[in-house]
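> Sequence and computational prediction follow.
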Amino acid sequence: MAKLIINRREFTVGSAALMTALSAMPSLAGSKIKVAGVYTVPIQQKWVARLHLALDAAAKRGEIDYVFSESTANTDYVRVMREYCGQGIQLLVGEAFGVSKEARKVADDFPEIAFLMGDPFKPHGNNFAVFDNYIHEPCYLMGIIAGNMTKAKKIGMVGGYAIGEVNRLFHAFMNGARSVKPDIQFKVTFIGSWYDPPKAKEAAFAQIESGVDVMYAERAGVVDACREKGILAFGNVNDMNKEENGTDVVVTSALWHMEGAIDHAIKLTKEGKFKAEEYHSWTMMAKGGASLSPYYEFENKIPSDVKAKVASLAADIKSGKYEVEIIDDEPKSTF
């Protein structure tokens, strides 16, 4: 039986309080539920796009009524959350990275609503579940391929911010490359933005000038620089070969699939069983939350033994036989 955890509130009447907590999430089995998404960036931004696509798919299947707000500033985020909560929603999905404490207070004030939030901290209370981006496993596999394809033994990496979610992807990629060529060097740059393609492109140009011949494109804009300079890139979160003009440039991408996590949250909300828990495993390979994109035009350019090694290791990761190390510390340039 799940353990009931009550935070920040003191109840003096034990049995009555317990019944109140247990009845806070009513069963809605068989009915369409109302879901709101609150996003700090446009839905075209790759990270938020994965949430939006999963929720939109559920709406098209007739499982939910879905509304959303995009480009919501952190200073306005809590107000928008409260507005949706007052409109009869049953599930709110969003990103609390900049408002973790304030978002938890909203969840406290609306115990009958389920919250599934991108957040680096632990679940809260009974109704505040958290997820993060754990696609480090396919990043490690990409690193193996990149390590085999770099001739200069210098790889560039351009990211948004040096936070755990990004750091773990960079470290996994670096370790994958080092497993092939231990003496590979890396140039790491964080642009201080989640969406600034011109700035990311400029950072990529600077790294290419320093001698890198392969790049990890964590941010939009890097692929354009690689195309102009004639070097290879590896994509992040979405299929950058097909979605970001990456033909003949992006070898493969580490994909993030949020459908499983979103569908799980919807199911539990309908059943009245939603609880505060971590959804990290739903973003990993074993549950279909992460994968490598197809190789497309690079299918015959990657050595067959390298592809076989990656396929074998991917199977071991999915089965639990092999575990990719999670390192959330900030990665540093080595040259």
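Nice, I can see it. As the structure is a computational prediction, the values presented were derived from the model and not from experiment. Numbering: from 1, shown residues only.
> all strands in the stretch 101-250 of the chain, in order from the N-terminus.
Counting by DSSP state E, counting those that start in this stretch, one finds strands in the stretch 101-250 of the chain at the ranges 114-118, 128-131, 154-159, 185-190, 214-217, 232-237, 250-256.
> List the residues that contact the spatially closest residue to Val306 that is not a sequence neighbour.
Using C-beta to C-beta, 6 or more residues apart in numbering and skipping the chain neighbours, the partner closest in space to Val306 is Asn148 (4.9 Å). No exception for glycine: its C-beta is placed from N, CA and C like everyone else's. Asn148 makes contact with Val180, Ile302, Pro303, Val306 under the criterion C-beta atoms under 8 Å, 6 or more residues apart in numbering.
> Next: Asp305.
Going by C-beta under 8 Å, 6+ apart, Asp305 touches no other residue.
> ok so, going back, could you dump the strands of the stretch 101-250 of the chain into CSV with mean pLDDT and distance to Cys226 added?
Converted to CSV, the strands of the stretch 101-250 of the chain look like this (pLDDT from 0 to 100; distance: least, C-beta to C-beta, whole Å):
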stretch, mean pLDDT, distance to Cys226
strand 114-118, 98, 28
strand 128-131, 98, 30
strand 154-159, 98, 9
strand 185-190, 98, 14
strand 214-217, 98, 6
strand 232-237, 98, 4
strand 250-256, 98, 8
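> possible to save the ones you listed as CSV with distance to Ser31?
Converted to CSV, these look like this (distance: least, C-beta to C-beta, whole Å):
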stretch, distance to Ser31
strand 114-118, 14
strand 128-131, 21
strand 154-159, 42
strand 185-190, 45
strand 214-217, 42
strand 232-237, 33
strand 250-256, 29
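> Those strands: which one's closest to Phe173?
strand 214-217 (5.4 Å; C-beta to C-beta).
> Could you list every helix and strand in contact with the closest one?
Packing contacts for strand 214-217, counted by 3 or more C-beta pairs under 8 Å, 6 or more residues apart in numbering; DSSP states H and E, involve helix 136-149, strand 154-159, helix 197-209, helix 222-229, strand 232-237.
> got a list of contacts for that strand?
139, 142, 146, 149-150, 154-158, 170, 173, 204, 207-208, 222-223, 225-226, 231-236, 240, 244, 250.
> and the nearest residue to Ala49 once chain neighbours are set aside, helix, strand or coil?
Of all residues not flanking Ala49 in the chain, Ile43 sits nearest, at 5.9 Å (C-beta to C-beta, 6+ apart). With DSSP: H, G, I helix; E, B strand; the rest coil as the basis, Ile43 sits in coil.
> ok, now how distant is Ile43 from Phe68?
For Ile43, the distance to Phe68 equals 7 Å [C-beta to C-beta, to the nearest Å].
> Mind listing the shared neighbours of the two?
His52.
> how about Thr334, what does it touch?
Gln185, Phe186, Lys187.
> closest to Ile163 among the residues you listed?
Of all these, the one with the least separation from Ile163 (C-beta to C-beta) is Phe186, at 18.1 Å.
> what bridges to that closest one?
Ile155 (DSSP bridges).
> per-residue confidence at the most centrally placed residue in the chain?
In the chain, the centroid-proximal residue (C-alpha atoms, centre = their mean) is Asn133; its distance is 2.9 Å. pLDDT, Asn133: 90.
> Could you pull up the residues touching the closest residue to it other than its chain neighbours?
Distances taken as C-beta to C-beta, 6+ apart place Glu165 nearest to Asn133, at 4.8 Å, with adjacent residues excluded. Neighbour list for Glu165: Pro120, Asp132, Asn133 [criterion: C-beta under 8 Å, 6+ apart].
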